[in-house]
Each structure stands twice: as structure tokens, then as C-alpha cells.
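In: Fold the following.
(one chain, ligands or ions: 1)
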Amino acid sequence: MTLTATRPIHPGDAAVRSVLVVANPVAGGFRYRALERFAGRLDDLGIRCEVVLTRYAGHLTEIARGLDGRHDALVVGGGDGSINEAVQGLVTLGAAAPTLGVLPFGTANVLAHELALPFSPVAMADLVSDGATGPLHLGRVGGRPFVLMVSAGFDGDVVHAVDAATKRRWGKLAYAGAALRLALARRGRDVVVEADGRRITCRLAVVTTARFYGGPLTITRATHATRPGLRLVTLADDAPGTLAKAAVALGLGRLDRLAGVSDVPVEKVRFLGEGIRMQVDGDRMDTDHGLVEADPVPLRVFRREVD
Ligand SMILES: Nc1ncnc2c1ncn2[C@@H]1O[C@H](COP(=O)(O)OP(=O)(O)OP(=O)(O)O)[C@@H](O)[C@H]1O
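Out: Down below sits the predicted model:
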């Protein structure tokens with residue numbers, strides 16, 4: 001069976017008969033019980049469900065890349081890092097990629113917020129069964145796909161300052177602590193971005209496919225992961241007072257009103273600047289001077305209707 005014929009085109013018309021769930025047992029908030037309830041509910045709804053746990057970082061990419069058309073959907077039990085790994089594999093399948101689903105575990109879970117996903121496993125199984133899907137527009141950095149954002153500057157420094165063990169132990173508090181420490185230490189450096197032929201020097205630069213950021217915070221109202229189009233959001237200075245105001249503005253969804261913030265559509269970006277630290281989808285990444293651009297081919301994802 002090829003999946004092309006059965007891939008859902010409109011919300012509500014997915015024919016989901018078989019689901020592969022791959023869960024990351026080291027993702028923040030992982031619970032076996034949630035997996036059992038999700039799988040049990042799918043079973044009650046007459047949907048075949050196979051559950052696999054990852055054994056190492058990168059395993060999800062291998063599993064996704066090796067999918068052979070037996071499953072209509074790949075549901076990732078994990079956070080944004082796990083989803084990023086799954087997407088690395090799914091994009092290699094082209095039109096045969098199954099619909100992506102998320103059983104939200106993880107620390108920040110930006111994509112789950114973006115797609116307005118329920119955090120209850122039973123409600124998530126119902127959503128998969130209902131087949132409400134939309135396109136998931138991706139970005140690429142140096143040719144590698146990303147789901148949400150690539151950034152450098154203050155938030156890249158914060159991500160690099162939190163190791164996996166601290167993140168698992170303290171969750172979002174680990175980031176809050178690192179952000180406070182770094183803001184007060186004032187060791188940030190200039191980030192230079194070349195955006196569509198224009199050079200901008202700032203202290204924080206985020207290229208985002210998505211509206212949400214760091215969990216339930218809003219970085220921009222001008223795009224959404226289910227719509228095409230990247231935005232470049234920059235912050236001109238990272239003095240502690242500015243960062244505090246930015247945190248409040250992110251919470252209110254009005255970052256664009258803050259002095260020193262620019263939020264523009266963008267097609268091609270390069271991150272430059274000496275010694276900058278970068279992050280992709282909430283995880284550390286090696287500094288990459290490669291091109292950041294939109295991926296022209298979206299995946300399909302289960303989501304709740306938004307906007
Ligand atoms: N079995 C495993 N053992 C060790 N690491 C793993 C395993 N499976 C996946 N990983 C790694 O765990 C990382 C973190 O997972 P994930 O992003 O899902 O959780 P999180 O960091 O708590 O959530 P978020 O990214 O939403 O903050 C992934 O980037 C992945 O590389």
C-alpha cells in the first residue's frame with residue numbers, strides 16, 4: 001500500500017488505521033501510564049497501535065527514515081527535540097511520509113502549544129482518530145530541516161548553559177535560572193545576521209516558522225507553523241531591563257511593540273558573528289553559517305483547529 005493515496009488533505013478526512021508511537025523515555029514529563037492510555041484508547045477506537053521506546057539519541061530519526069508504509073501515522077511521545085529527530089527522518093520519505101502526531105511530553109513543548117494539542121492522552125488519541133490535520137511548514141538550516149526555530153544570542157547562550165541532567169531535574173526552572181544568571185553576568189555578544197541581503201547587528205536573532213516560543217509564549221503573531229513563511233525576530237540589546245521587558249512582552253504576545261525589537265518576514269538568512277552560540281528547536285546546535293530558509297515541502301500533522 002502506498003500512503004500517498006490515503007494521506008489526508010483536509011481536516012477530518014484522514015483514514016487512520018495504523019499508528020506507530022515512538023516515545024522518548026528521557027523526555028521531560030515522560031509517563032508510561034500516558035502511553036498506555038493513548039494506545040488503549042486507539043485500540044478502543046479500532047486503530048492498530050504499535051509502541052516503541054527510543055534507546056538512544058538519534059534513534060527516532062532512524063526509525064522515521066525506515067518507515068515502510070505500514071503506518072498511516074507516526075506519533076512522537078516526547079518534546080521538541082524528539083519531534084525534530086523524527087522530522088529529520090520523515091523528510092527523506094517524500095510524499096510517502098505518514099502524518100506526524102505528537103503525544104506531548106517534553107519540557108517546553110512549543111509545537112504542542114502551536115498546534116493547540118490536548119495534553120490528555122485520551123483526547124490526543126481522539127484527535128488522531130478524528131483525523132484533523134494540517135500542513136506543518138518547516139525551515140532548513142545548512143540543509144537540515146527544523147520545525148520551530150533557529151536562533152543565536154541570549155537564548156542560544158541559555159540553551160548551551162543548561163545540560164541534559166539539569167534540564168531533566170529542574171525542567172523549565174533550569175532555563176529560568178540560567179537566563180537570570182546570564183542576564184546579570186552580561187556576557188552576551190553581537191550576533192550578525194545577513195537577511196535577504198541586509199546586514200543586521202543585534203544581541204538576539206530568532207528565525208521562526210512558528211508563533212509560539214519557549215512553551216506558551218508568543219514570539220510573533222505574523223506566522224504559524226501551519227502557514228508558510230519565516231519571520232526574523234531580533235532584539236537590539238540584552239541589558240537586564242530590556243530582557244525583563246521582553247519576557248513580559250512574550251507572555252503578553254506583544255513583543256513587536258517593544259522598542260529595539262524587529263519582526264520581519266524573511267526568506268534567506270545567515271547567522272554570523274564571532275563565538276555565537278546557536279540553538280535549534282530548543283536544543284544546542286553547533287554554530288552553522290549555512291543558509292536558513294523555508295522548506296518548500298510541508299509535512300502533514302495532527303492538530304486542533306487554531307485562529
Ligand atoms: N533513549 C534515549 N536516551 C537518551 N537520549 C535520548 C533518547 N531518546 C531521545 N533522546 C534525546 O533526548 C533529547 C531530548 O528529548 P525531548 O526534546 O523530547 O525532551 P525535552 O528536552 O524534555 O523537551 P523539549 O525539547 O520540548 O524541551 C532529544 O533531543 C533526543 O536526542
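In: So which residues on the stretch 201-307 of the chain come close to the ligand?
Out: Remark: the part of the stretch 201-307 of the chain in contact with the ligand comprises 282-283, using CB under 6 Å from any ligand atom. From N, CA and C alone the C-beta is placed, and that goes for glycine too.
In: What is the neighbour count of the residue in the stretch 201-307 of the chain that the ligand sits nearest to?
Out: Each residue of the stretch 201-307 of the chain has a distance to the ligand, by CB to the nearest ligand atom, and the smallest belongs to residue 282, at 4.2 Å. As a burial measure, the neighbour count of residue 282 was computed by other CB atoms under 10 Å and equals 27.
In: I figured it hits residue 79, correct?
Out: Yes. Taking CB atoms under 8 Å as the contact criterion, residue 282 and residue 79 are neighbours in contact, 7.4 Å apart.
In: Can you verify residue 156 is assigned to a helix?
Out: Yes. Assigned with DSSP: H, G, I helix; E, B strand; the rest coil, residue 156 falls within a helix.
In: Give me the pLDDT for it.
Out: Reading off the per-residue confidence, residue 156 sits at a pLDDT of 89.
In: Residue 6 too?
Out: Model confidence at residue 6, expressed as pLDDT, equals 34.
In: who's in contact with residue 50?
Out: Residues counted as contacts of residue 50 (CB atoms under 8 Å, 6 or more residues apart in numbering) are 18-21, 71.
In: about what we covered before: find the residues that touch each one of residue 282 and residue 79.
Out: Each of 107-108 lies in contact with both residue 282 and residue 79 under the rule CB under 8 Å, 6+ apart.
In: will you turn the contacts of residue 50 into JSON lines that also has distance to residue 230?
Out: Conversion of the contacts of residue 50 to JSON lines gives the following (distance: CB to CB, whole Å):
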{"residue": "18", "distance to residue 230": "34"}
{"residue": "19", "distance to residue 230": "31"}
{"residue": "20", "distance to residue 230": "30"}
{"residue": "21", "distance to residue 230": "30"}
{"residue": "71", "distance to residue 230": "30"}
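In: Could I have the ChimeraX command that selects the buried members from those residues?
Out: Here is the ChimeraX command that picks out the buried ones among the contacts of residue 50, judged by 16 or more other CB atoms under 10 Å:
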select :19,20,21,71
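In: Tell me which two in the contacts of residue 50 are the farthest apart.
Out: Of all pairs drawn from the contacts of residue 50, the one with the largest separation by CB to CB is 18 and 21; the distance is 11.0 Å.
In: Give me the common contacts of the two.
Out: Here residue 18 and residue 21 have 49-50 as joint contacts, going by CB under 8 Å, 6+ apart.
In: quick one: contacts for the residue nearest to residue 295 when sequence neighbours are not counted?
Out: Distance criterion CB to CB, 6 or more residues apart in numbering; nearest residue to residue 295, sequence neighbours excluded, is residue 138 at 4.0 Å. Contact criterion CB under 8 Å, 6+ apart gives 87, 91, 145-147, 209, 294-295, 297-299 as the residues in contact with residue 138.
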